[in-house]
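Participant: missing the sequence, but the structure's below:
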């Protein structure tokens, strides 16, 4: 096949931007699955919920989708706290988190999706903002603002979470709780409370991730499922809970998907994530950058 | 006469009575609705062999189910004279082999990785089918249902009903005989403490692979008659997430520890859904399943069967 340099470099750049966006989508799962060992497969559904809240703020009230999603983060945080509370009381304290915990989140995924279908229907929704249409041009490379802005927002989100996790007391406690809850108790911190905060943060990130998702592509309730494979592929490949690993893995996947959809057609790109996930699980389950 | 043979004879009697009752009502809709409930008995029982007995959660029911259905589409196009039970056997073997391959790659890891892999597999299998023009791609495939039953006089839907009835007798009998066998005790050991099971000499990987292949194969067999039932099959409906949700909800609501739980769950939830779809709306009836699933895992961890075993 003849490889045009323009086409290749554009595919690489848009893959990189897309990968940056995937980092924001995955970071919540890196916290809940990677650090807290809670298999929150409903996370993509909360991201779609974030898309719809941004859509309402934008289409009904005319607010900027990204700014409104940041304002809405506390509401998502509280939702996360509430979900973790139910999960903690019903499963973790009974020491019975595996099957029923998974089924619980699977049920939440389904309930969220069906509720969104009942309220908004299955039409694709979009938002309107000044950066949705235009592109920057650097030489032969196009930089659509529709991808560039989400990329920058995503990097800011991941950076802010990284600083919070590594610099503050609670952030360090979150890192510690995954490793040894009883040692944390000796430091006079309540593991249950720390996990609640961390899970709240992971759901709060879904608000912003959802807003930038609806900037990149039109959203309807069932696209949550396409993201499950992607998110967990990135999370596992990034070494479960390492933010740096998550960003790198997200970019690798973004570039591979972009190359696949440029040279083989976009209908094949959902298969890339799964191939990646299976390969990672079969060859190196600790992830490319994992320590475990 | 040993217990298993007696059980098979007994369930054949129940099956014959069910068919007789459906004939007595004499309304074609009873067969259409009953077929779906029976299909869910097979799916829930198949899911429970892996999920309930060994504790590995499979989210990919839709993938195994649709693989069986699309095998029938392919066979219908290439060898239309093949009888339906043969097509089901082929579909079951293909789904079973896919289960085996995926299990081999992911079952050596923690259980959650297997679950995530099954979820992702459903998306990929759907992508492959959507891109495969021979089976209709995203446009879907039309299958013309024969008018009359090939073995007895009656409508073809009655034949489909009988086939699914027999398949549910087979799968429930398999599940029951496993539960009281050496294999079943091995599965239970894996579910309760895999490391301890491995340490006491239970061949855990081998047993898990048997469970995955068997479970996937039965799901494929349950999917194989689907094209004849719906007459139009497209990837979005074949791979619908509602199959996965229902198949997980039914055993968890009925109770996962025994063969009886999934049957109770499938009959109750399946009938409830058929009624709700007709009287309210299909979206609301799906929401009901989700809410019941979450409610039961929180409030009644042992399911309906658990209520009677206090």
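Facilitator: Looks like it arrived, so ask away. Since the structure is predicted, the reported quantities are computational estimates derived from the model, not experimental observations. Residues are numbered from 1 along each chain as shown, chains lettered A, B, ... in the order given.
Participant: Just to be sure, residue B:10 is in a helix?
Facilitator: Yes: the assignment for residue B:10 is a helix, going by DSSP: H, G, I helix; E, B strand; the rest coil.
Participant: Near it, how many other residues are there?
Facilitator: Residue B:10 has 12 neighbouring residues, counting by other Cβ atoms under 10 Å in any protein chain shown. Where C-beta positions appear, they are placed from N, C-alpha and C, glycine not excepted.
Participant: got it, and residue B:297?
Facilitator: Counted by other Cβ under 10 Å, the residues lying close to residue B:297 total 26.
Participant: cool, residue B:43 as well?
Facilitator: What residue B:43 shows, counting by other Cβ under 10 Å, is a neighbour count of 31.
Participant: What helix or strand is it located in?
Facilitator: helix B:28-51 (DSSP states H and E).
Participant: so what does that helix touch, helix or strand wise?
Facilitator: Counting contacts by 3 or more Cβ pairs under 8 Å, 6 or more residues apart in numbering or on different chains; DSSP states H and E, helix B:28-51 is packed against helix B:3-25, helix B:61-78, helix B:156-179, helix B:204-223, helix B:241-254, helix B:260-279.
Participant: What residues sit buried inside the fourth one?
Facilitator: Neighbour-count burial for helix B:204-223 flags B:204, B:207-223 (criterion: 16 or more other Cβ atoms under 10 Å in any protein chain shown).
Participant: what angle do that helix and helix B:28-51 make?
Facilitator: Here helix B:204-223 runs at an angle of 170 degrees relative to helix B:28-51 (axes from the mean of the first three to the mean of the last three Cα atoms, to 10 degrees).
Participant: for helix B:204-223, packing partners?
Facilitator: By 3+ Cβ pairs under 8 Å, 6+ apart, helix B:204-223 packs against helix B:28-51, helix B:61-78, helix B:84-106, helix B:156-179, helix B:182-192, helix B:194-199.
Participant: Which helix or strand in chain A has the lowest average pLDDT?
Facilitator: For chain A, counting by mean pLDDT, DSSP states H and E, helix A:181-186 ranks last in confidence among helices and strands (a mean of 74).
Participant: buried residues in that helix?
Facilitator: Buried residues in helix A:181-186, counted by 16+ other Cβ under 10 Å: residue A:184.
Participant: Excluding residues flanking it in the chain, which one is nearest the residue in the stretch 1-150 of chain B that chain A sits nearest to?
Facilitator: In the stretch 1-150 of chain B, the residue that lies nearest chain A is residue B:120 (3.4 Å; Cβ to the nearest Cβ). With Cβ to Cβ, 6 or more residues apart in numbering or on different chains as the criterion, residue B:120 has its nearest non-adjacent residue at 3.4 Å, and that residue is residue A:229.
Participant: now do residue A:17
Facilitator: Closest to residue A:17 by Cβ to Cβ, 6+ apart is residue A:147, at 4.1 Å.
Participant: In three-state terms, label the one you found for me.
Facilitator: Using three-state DSSP, the structure places residue A:147 in helix.
Participant: The stretch 101-250 of chain A: strands as residue ranges?
Facilitator: Listed in chain order, the strands of the stretch 101-250 of chain A (DSSP state E, counting those that start in this stretch) span A:135-138, A:141-144.
Participant: Can you list the strands that the last one pairs with?
Facilitator: Note on strand A:141-144: by DSSP bridges, its sheet partners are strand A:135-138 (antiparallel).
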